[in-house]
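1. Predicted model and sequence below, questions to follow.
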Amino acid sequence: MKPAAIRPLCFATAVALAALFAACGGSSSTAPPTGKFDGKNIRIVDDAFSPSSATINVGDSLTWHWEGSHDHSVTEGTTLGGAHAFDSGIKTSGTFGHRFNTAGTVHYFCQVHFSSGMKGTIIVKP
């Protein structure tokens, strides 16, 4: 290949790579909300669920996002002992998701901050 023919090829490659890197950026659909409840995500901040109450429909899923620096859990129920329908385990970062397949009111709490009242409620409509 002649040197003059290489320049357009290099330019085209550089443009294609720039477009590829730009497409890889941007926001993720699983990013936690920064304001009003979006119907899909709940933030876990030090030391609260935001929002602490949410209303969804049967079949919807919620994702909790750890944003603070303290350990937390997302544990179904109102008491520490016994079996729980869902439990994220205690962790400091990451996400936890759960699909709600039955209508009703679901209570949940943080095991670490149970005594300080870190809890939430999900109302699942039919």
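-> Yep, it's here.
2. so who does the closest residue in space to Lys119 that isn't next to it in sequence touch?
-> The shortest distance from Lys119 to any non-neighbouring residue, by CB to CB, 6 or more residues apart in numbering, is to Phe109 (4.2 Å). C-betas here are computed from N, CA, C, even on glycine. Contacts were defined as CB atoms under 8 Å, 6 or more residues apart in numbering; by that measure Phe109 touches 73, 75, 77-78, 118-120.
3. closest to Asp87 among these?
-> Of all these, Asp87 sits closest to Thr75, with 4.6 Å by CB to CB.
4. I'd like the distance between the residue nearest to Lys119 and Gly117.
-> Plainly put, Phe109 is 8 Å away from Gly117 if you go by CB to CB, to the nearest Å.
5. how about the nearest residue to Gly97, chain neighbours excluded?
-> Nearest to Gly97 is Thr63, by CB to CB, 6+ apart, at 4.5 Å.
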